[in-house]
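Enquirer: Following is a predicted model, sequence given first.
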Amino acid sequence: MPQYLISTYIPENFDPSLVTEETIEAIHALNREMVAAGVRKFACGLSPKAVTMRSQPNGEVVVTDGPYIEAKEYVGGLSILETENLDEVLAWMRKGAKAFQSVVEVREIFFMPAPAEN
């Protein structure tokens, strides 16, 4: 079955102290429902702090603070769902967008297994 990366986005000025108990319970309820249905494989929140590494033409790697892309939003959480098809994962994430009260992005995960060693 295909797996999908679910990214939730929050604005750069997000204040976690303003998240209501109702929102938190809606997120927990959706997670419980997805676990019971066997579609949720992994879920977590992410820190807004990031370290970026960029390969340079001379072979050096430059390390900087902050996300690579300047944006008004950042990835605040991610999940891996395994469903029969895109329609099913979109049905789940319609619920997710409401529960998370944020933008949700869905991307299919493509697996490229390493070739067997000789």
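Expert: Okay, I see it.

Enquirer: which residues in the chain form helices?
Expert: Secondary structure of the chain (DSSP state H): helices at 21-37, 86-100.

Enquirer: Now those helices in JSON lines, please, with extra columns for mean neighbour count and mean pLDDT.
Expert: C-betas here are computed from N, CA, C, even on glycine. Formatted as JSON lines, the helices of the chain follow (neighbours: other Cβ atoms under 10 Å; pLDDT from 0 to 100):
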{"stretch": "helix 21-37", "mean neighbour count": "13", "mean pLDDT": "96"}
{"stretch": "helix 86-100", "mean neighbour count": "16", "mean pLDDT": "95"}
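
Enquirer: and those as a markdown table, adding distance to Asn13?
Expert: Converted to a markdown table, those look like this (distance: least, Cβ to Cβ, whole Å):
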| stretch | distance to Asn13 |
| --- | --- |
| helix 21-37 | 17 |
| helix 86-100 | 17 |
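
Enquirer: Which of these sits closest to Leu5?
Expert: helix 86-100 (10.0 Å; Cβ to Cβ).

Enquirer: Which neighbouring elements make contact with the closest one?
Expert: Applying 3 or more Cβ pairs under 8 Å, 6 or more residues apart in numbering; DSSP states H and E, one finds that helix 86-100 makes contact with strand 3-11, helix 21-37, strand 73-82, strand 103-108.

Enquirer: Compare those and report which one is nearest to Gln56.
Expert: strand 73-82 (24.4 Å).

Enquirer: give me the low-pLDDT residue ranges for this structure?
Expert: 67-70 (pLDDT under 70).

Enquirer: so how many other residues sit close to Val104?
Expert: Val104 has 20 neighbouring residues, counting by other Cβ atoms under 10 Å.
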